[in-house]
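Q: all I have is the shape, not the residue letters:
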Ligand code: FES
């Protein structure tokens, strides 16, 4: 009798366990779409972090300099290191400005004085797009907007950069 | 631009600005352990380089998917096929077609190709993620950008 009882309970136990596993799997299936819906939000908040770009504010001059750093980014299936770059300088009001080097036309990488013919300007090699030192697009060249500006912060004398934002929002 | 839906949408809207296509050429072969390892490294390196290059020049170039060939395959057959690819690209029209490779054996068929062969000297097989490798890659990409800009002028 007690044997029988035990068997039942063992079978029940297995039953519960299996239901449990099945339920867990079902929950997994249910969760994935929700996760997908939430993920972009999560991504944004982590990408919004400020990164120490390894530049002391004392080394920032009136001459734009290019700096490179990496951030961790979750992009769809992969978490990976992403390279970032900025052109950093001090403007006439002694404010630090950090531009994204991504051309506002079709996204090529611009360089400060990237063309000998256009000194004192940013130059895009793809379709000769140009920007003045303050990031404003030169009229008559393909880009229709100024360069994006990084959200920035100075902590302990070091420059921290966040996300690039269209001018006026940074 | 890369060979993916979102980029192709941009391409279709801005065709007049995108006149350059880059085709990475990678060997494949699994028969010989050493050879296949080398082929895999080449494939990894060319993926890395071509992606970095694409980042610099994204607004004017389309990065085509890898073209792979058997190391043992007859070169003439492959060249005929590659020229078919090139013909299709030229019709779009892409004005500049660059083939990217580490394999020096293509060099002597350069004249038969209806595209520009960019042969890159193989880099030392170090850790792909090391600091030195980053530097090497950056330098090599800068040189490729210079070269492609020279063709644009
Ligand atoms: S992408 Fe910069 S000018 Fe076209």
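A: Ah, there it is. In this text, all values refer to a predicted model and were calculated from it rather than measured experimentally.
Q: which residue does chain B bring closest to chain A?
A: residue B:59 (2.8 Å; CB to the nearest CB). Every residue, glycine included, has its C-beta placed from N, CA and C.
Q: which residues touch that residue?
A: Residues in contact with residue B:59 (CB atoms under 8 Å, 6 or more residues apart in numbering or on different chains) are A:103, A:105, A:106, A:107, A:108, A:124, A:126, A:127, B:17, B:18.
Q: would a markdown table of those residues with pLDDT be doable?
A: Output for the contacts of residue B:59, formatted as a markdown table (pLDDT from 0 to 100):
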| residue | pLDDT |
| --- | --- |
| A:103 | 98 |
| A:105 | 97 |
| A:106 | 97 |
| A:107 | 96 |
| A:108 | 97 |
| A:124 | 97 |
| A:126 | 97 |
| A:127 | 97 |
| B:17 | 96 |
| B:18 | 97 |
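Q: so which of the residues you listed wins on neighbours?
A: residue A:124 (30 neighbours; other CB atoms under 10 Å in any protein chain shown).
Q: that residue contacts residue A:102, correct?
A: No - shown here, residue A:124 and residue A:102 do not form a contact pair, counting by CB atoms under 8 Å, at 9.5 Å.
Q: what residues do the two have in common as contacts?
A: A:108, A:109, A:110.
Q: contacts only, for the last one.
A: In this structure, residue A:110 makes contact with A:87, A:101, A:102, A:103, A:122, A:123, A:124, A:129, A:131, A:147, judged by CB under 8 Å, 6+ apart.
Q: repeat for the first one
A: Applying CB under 8 Å, 6+ apart, one finds that residue A:108 lies in contact with A:102, A:124, A:125, A:126, A:129, B:56, B:57, B:58, B:59, B:60.
Q: how deep is the fifth one tucked in, by neighbour count?
A: Going back to what we said before, that points to residue A:129. Neighbours of residue A:129 (other CB under 10 Å): 22.
Q: who does the residue of chain A found nearest the ligand bridge with?
A: Residue nearest to the ligand within chain A: residue A:129 (2.7 Å; CB to the nearest ligand atom). Beta bridges link residue A:129 to residue A:124 when assigned by DSSP bridges.
Q: just want the most central residue of chain B.
A: Compute the mean C-alpha point of chain B, and by CA atoms, centre = their mean the closest residue is residue B:24, 2.5 Å away.
Q: so that residue: helix, strand or coil?
A: Assigned with DSSP: H, G, I helix; E, B strand; the rest coil, residue B:24 falls in the strand class.
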